[in-house]
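Undergrad: Kindly return the folded structure for what I paste below:
(one chain, ligands or ions: 1)
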Amino acid sequence: MDLLLKEYVDYKCQFPGCNSQIPDKKRGVNYVEVAHIKAVSEGGKSTIGNLIVLCPNHHKEFDLGERNIFEINSDQISGKLNNKNFQINLFNNYSYKIIDSSTEI
Ligand SMILES: [Zn+2]
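TA: Below is the predicted model of the structure:
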């Protein structure tokens, strides 16, 4: 599952505007991690809809930061991370958009 998701997003962080690239020369792709939207400790499952691909920095920010999820559906997840609104189109890395933090969702 993890590998498929990473492949699907071309080994790129799904967080809007992130251009992080950590080349893994052994594997020939960028290093990224699969993160749970709802933590496993809170009953989150490792299934599509609860997983996103993030660079290590965003993964940590996601896990440790002030996080509010407004909505999760099959297409997207929207929320606020450390006072910045974000919207991630699930598994469609090319059509995400950044929402200005002043924008109402
Ligand atoms: Zn990132």
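
Undergrad: Which residues of the chain lie near the ion?
TA: 13, 15, 18, 20, 55, 58 (C-beta under 5 Å from the ion). Heads up, the C-betas are built off the backbone N, CA and C, glycines and all.

Undergrad: same thing but at 6 Å, please
TA: Contacts of the chain with the ion, taken as C-beta under 6 Å from the ion, map to 13, 15, 18, 20, 54-55, 57-58.

Undergrad: In three-state terms, label F62 for me.
TA: helix (DSSP: H, G, I helix; E, B strand; the rest coil).

Undergrad: Contacts only, for it.
TA: Residues in contact with F62, defined by C-beta atoms under 8 Å, 6 or more residues apart in numbering, are 15, 35, 54, 81.

Undergrad: same thing but 10 Å
TA: F62 sits next to 15, 33, 35-37, 39, 52, 54, 79, 81-82, 86 when contact means C-beta atoms under 10 Å, 6 or more residues apart in numbering.

Undergrad: So how do I select the buried members of those residues in PyMOL?
TA: Restricted to buried positions by 16 or more other C-beta atoms under 10 Å, the PyMOL selection for the contacts of F62 reads:
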select buried, resi 15+33+35+36+37+52+54+79+81+86
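
Undergrad: Need phi/psi at the residue of the chain positioned farthest from its centre.
TA: Centroid-distance maximum for the chain: K26 at 23.9 Å, with C-alpha atoms, centre = their mean. Listed backbone geometry of K26 is phi -70, psi -40, with angles given as degrees, to the nearest 10.
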